[in-house]
Structure formats: C-alpha cells, structure tokens
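Student: Take this sequence and fold it.
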Amino acid sequence: MPRHFIKSLDSPDELLELNRIRAQVVEMGDSTVSWQVIQPGWRWSTDIRPIVGGEWCQTRHVGIVLSGRMRAMLESVKPKSK
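Tutor: Modelled structure (predicted):
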C-alpha cells in the first residue's frame, strides 16, 4: 500500500555542512530528499572523497539543477589511462 509523507526542508531531518556544500536532508521511507547549495569550484573528488574514501561516489542520485550548471562524470565512462 502506498505511503504518503508530508515533510518540509525548512525542518530537515539532517543538516550537512561540509566543504563548499550545504544540504538539508529529509527521509521519506526508502527515499532521501535534499536541497543542496553547492559553491562554485566544489568537486566530489577533492571536497568529499577525503572524508568518505573510495574512488567514486557509491550513492544513486537523481537531481535537478535550479541555478548554475553541474557536470558529472560516471565511473562507467571515466577517461582511460594511457
């Protein structure tokens, strides 16, 4: 049976403030929703990888960019080393 959620990002379940990124996070069943403000120059490889480790982010993402632009590189299409 479908479940319905009423939550607000104004009262997030979690507030993350890391290097050049601020995220307000709410949990809705099996899904996590966040509002993120990412500063220019932010890069996962330099701002987050040292904290979480690993070569690539392992989280599934679906997103919409409301302002500015974002570029993403996926592991399956990474440039090949020579």
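
Student: To what extent is Ser76 buried, counted in neighbours?
Tutor: Residues near Ser76, counting by other CB atoms under 10 Å, number 6. Heads up, the C-betas are built off the backbone N, CA and C, glycines and all.

Student: In three-state terms, how would it be classified?
Tutor: Three states are possible here, and by DSSP: H, G, I helix; E, B strand; the rest coil the one that applies to Ser76 is helix.

Student: How much space separates it from Gln39?
Tutor: According to CB to CB, to the nearest Å, Ser76 stands 28 Å off from Gln39.

Student: count of residues packed around Trp35?
Tutor: The tally of other residues near Trp35 (other CB under 10 Å) stands at 13.

Student: phi, psi of it?
Tutor: Trp35 adopts backbone torsions of phi -110, psi 120, taken as degrees, to the nearest 10.

Student: doesn't Ser8 make contact with it?
Tutor: No. With contact taken as CB atoms under 8 Å, Trp35 and Ser8 are classed as non-touching, separated by 10.3 Å.

Student: what's around Arg22, how many residues?
Tutor: A total of 14 residues lie near Arg22 under the criterion other CB under 10 Å.

Student: you'd agree it is in a strand?
Tutor: Yes. According to three-state DSSP, Arg22 belongs to a strand.

Student: Excluding chain neighbours, what is closest to it?
Tutor: Beyond its immediate neighbours in the sequence, the residue positioned closest to Arg22 (CB to CB, 6 or more residues apart in numbering) is Val37, lying 4.8 Å away.

Student: SS state for that neighbour?
Tutor: strand.

Student: And it, how far from Gly29?
Tutor: 25 Å.

Student: out of the two, which sits in the more crowded spot?
Tutor: Here Val37 and Gly29 are compared on neighbour count by other CB under 10 Å; more neighbours surround Val37, at 12 against 9.
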